[in-house]
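[1] Sequence plus predicted model, see below.
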Amino acid sequence: MDLQGKKVLVFGAGISGIGSCGLLEKEGAEVILYDGNDKKDAEAMKAQLGEGSKVRVVLGAFPEEEMESLDLVVMSPGVPTDLPVVLAMKEKGIPVWGEIELAYVCGKGDVLGITGTNGKTTTTSLLGEIMKNARDSVFVVGNIGTPYTNAAADTREDSVIVAELSSFQLESIHTFHPKVSAVLNITPDHLNRHHTMEAYIRAKMNIAKNQTPEDICVLNYEDEETRKMADEFQASVLFFSSKHKLEQGIYLDGEDIVYKPDKEKEGTVICKTGELQILGVHNYENVMAAVAMAAAYGVDLDVIRKSVLAFKGVEHRIEYVAEKNGVVYYNDSKGTNPDAAIKGIQAMNRPTILIGGGYDKQSDFHEWIQSFDGKVRYLVLIGATKEQIQKEAAECGFHDCILKDTFEEALDTCVELARPGDAVLLSPACASWGMFPNYEVRGEEFKKYVNAL
């Protein structure tokens with residue numbers, strides 16, 4: 001679609017919405033920025049758009065007469081696509097794109113796209129580092145913090161775009177077509193938005209819906225849902241595995257990460273797990289996925305190896321903060337669902353006081369609590385889910401729960417309870433919304449508190 005002169009509605013005024021407005025203005029579109037919350041500050045929103053922006057801001061109920069003249073709607077990922085106003089726009093035949101689709105249509109270069117319930121940020125960060133060591137023009141975008149729409153206008157034909165993609169972002173793509181994609185794993189998440197597990201899985205699978213047999217999709221052999229996807233995708237599939245020696249793919253063999261792209265040839269050892277600066281089997285899987293994607297795209301294995309060995313991991317993901325009075329503090333604020341938080345507790349090698357709870361995404365916490373495996377001395381709970389988690393903990397036979405009203409009270413309690421040799425782990429198994437704008441702010445507050453002890 002040529003966007004010059006088109007009337008485009010951007011739905012949602014967060015960072016993605018602002019990015020979409022900027023890109024659309026560069027493309028010559030007439031842009032309306034819309035948010036259903038009429039209590040928002042229209043002037044503050046305009047200030048974010050920058051000097052000289054002609055974007056018009058509309059708040060509250062969207063006027064029916066405006067709808068008749070729209071050529072396109074661009075959805076921000078935080079806005080559900082099944083809202084009545086969105087369904088009304090679709091019924092009128094107005095195309096509804098996500099911001100990923102917009103950026104892809106306006107941008108150039110090859111996309112390497114990563115999705116999955118957990119591990120996306122680590123895998124995207126590592127793949128971004130590999131690609132920066134291999135190519136001149138590289139953009140790391142998406143759910144990782146920089147909207148794809150912010151980078152699209154700067155991309156060139158020889159650019160490589162490494163994109164972390166959430167289920168929300170993949171819901172509303174149409175022509176988006178990565179050269180190499182990956183689905184790392186699938187566990188229940190965001191069911192308050194997608195309503196069913198089937199809808200959540202379908203959204204994730206959209207990453208490969210436009211791929212052809214000339215493209216590559218990297219899948220987790222150990223995950224039942226991702227393994228099944230191989231039969232449905234047109235892309236050529238490359239598996240990674242932490243438990244099986246694969247005839248073809250990338251796998252963990254003892255301490256060796258082995259890349260074997262051809263059934264007929266010997267595999268190549270990329271590195272040993274002991275040489276990595278990130279810990280845990282889940283991180284070895286993230287490394288394998290990033291290596292497989294880079295190698296499938298044609299990056300030299302020596303460049304891949306050097307990049308992997310230099311990689312220090314991701315902030316807020318089982319991040320060592322400090323040791324205070326013999327107690328080690330870890331920030332795993334990115335553990336925003338039970339499966340991610342299981343990885344956090346599995347990485348602990350000492351008695352642990354665990355901070356959990358937060359926004360209610362309708363998760364089930366039984367499996368998380370069962371993964372404590374005798375390591376957790378106390379579970380200090382906060383947020384909207386604290387009573388639910390306490391109840392599910394009791395059902396699992398774990399009764400050492402302490403409920404607190406504020407984050408600071410929870411931290412004070414952890415310091416009082418911790419003994420030399422213990423760990424204090426922030427790994428909430430919940431999103432931060434309602435108490436913090438995002439998990440990064442939650443993690444920063446934790447680190448600030450610990451470093452001030």
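    Thanks, I have the structure now.

[2] what about V73, distance to M89?
    As judged by CB to CB, to the nearest Å, V73 and M89 stand 5 Å apart. The C-beta positions use only the backbone N, C-alpha and C, and glycine is treated the same way.

[3] If we ignore the residues flanking it in sequence, what's nearest G443?
    Distances taken as CB to CB, 6 or more residues apart in numbering put S333 closest to G443, at 3.3 Å, once the chain neighbours are dropped.

[4] For the one you found, give me its contacts.
    By CB atoms under 8 Å, 6 or more residues apart in numbering, S333 lies in contact with 316, 426-428, 432, 439-440, 442-443, 446.

[5] Could you look up the SS state of it?
    The three-state label given to S333 by DSSP: H, G, I helix; E, B strand; the rest coil is coil.

[6] Dihedrals phi and psi, it?
    phi -60, psi -20 (degrees, to the nearest 10).

[7] by contact count, what packs against the helix or strand hosting V162?
    Applying DSSP states H and E as the criterion places V162 in strand 160-164. Applying 3 or more CB pairs under 8 Å, 6 or more residues apart in numbering; DSSP states H and E, we find strand 160-164 packed against strand 110-115, helix 120-132, strand 138-142, helix 148-152.

[8] ok, 7 Å please
    With contacts defined as 3 or more CB pairs under 7 Å, 6 or more residues apart in numbering; DSSP states H and E, strand 160-164 has these neighbours: strand 110-115, helix 120-132, strand 138-142.

[9] Pull up the pairing partners for the first one, direction included.
    The one in question is strand 110-115. Strand 110-115 has these partner strands in its sheet, going by DSSP bridges: strand 160-164 (parallel), strand 180-183 (parallel).

[10] among those strands, which is nearest T115?
    Nearest to T115, of all those, is strand 180-183, at 5.6 Å by CB to CB.

[11] thinking again about what came up before, for the strands paired with strand 110-115, which one sits closest to E255?
    strand 180-183 (23.3 Å).

[12] Neighbours of A42, how many?
    15 (other CB atoms under 10 Å).

[13] typed the wrong thing, it's S137
    Around S137 there are 16 other residues, counting by other CB under 10 Å.

[14] now swap in T81 and tell me
    By other CB under 10 Å, 18 other residues sit near T81.

[15] and if you look at G298?
    9.

[16] Quick check: neighbours shared by V73 and M89?
    Here V73 and M89 share the contacting residues V96, scored by CB atoms under 7 Å, 6 or more residues apart in numbering.

[17] now the strands paired with strand 110-115 in CSV, with mean pLDDT and distance to H399?
    Formatted as CSV, the strands paired with strand 110-115 follow (pLDDT from 0 to 100; distance: least, CB to CB, whole Å):
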stretch, mean pLDDT, distance to H399
strand 160-164, 97, 38
strand 180-183, 98, 38
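
[18] JSON lines please, covering those strands and showing mean neighbour count and distance to V287.
    Shown next, in JSON lines, are these (neighbours: other CB atoms under 10 Å; distance: least, CB to CB, whole Å):
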{"stretch": "strand 160-164", "mean neighbour count": "27", "distance to V287": "15"}
{"stretch": "strand 180-183", "mean neighbour count": "29", "distance to V287": "12"}
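
[19] need those strands in a markdown table with distance to D82, can you?
    Converted to a markdown table, these look like this (distance: least, CB to CB, whole Å):
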| stretch | distance to D82 |
| --- | --- |
| strand 160-164 | 24 |
| strand 180-183 | 23 |
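
[20] quick revisit: highest mean neighbour count out of the helices and strands packed on strand 160-164?
    strand 110-115 (a mean of 27; mean count of other CB atoms under 10 Å).

[21] Please enumerate residues in contact with it?
    Residues from elsewhere that reach strand 110-115 (CB under 7 Å, 6+ apart): 104, 120, 123-124, 127, 160-165, 170, 178-184, 204, 207, 293, 297.

[22] Now do the longest helix seen in the chain: distance to the chain's middle.
    With secondary structure taken from DSSP state H, the chain has its longest helix at helix 281-296. Taking CA atoms, centre = their mean, to the nearest Å, one finds helix 281-296 lying 16 Å from the centre of the chain it belongs to.

[23] Could you do stretch 4-17 as well?
    In terms of CA atoms, centre = their mean, the centre of stretch 4-17 is set 23 Å apart from its chain centre.

[24] quick one: buried residues of that stretch?
    6, 8-13, 15-17 (16 or more other CB atoms under 10 Å).

[25] Among these, name the ones in strands.
    Judged by DSSP state E, the buried residues of stretch 4-17 include 8-11 as members of strands.

[26] closest to G22 among the residues you listed?
    If you rank those by distance to G22 using CB to CB, V10 comes first, at 9.9 Å.
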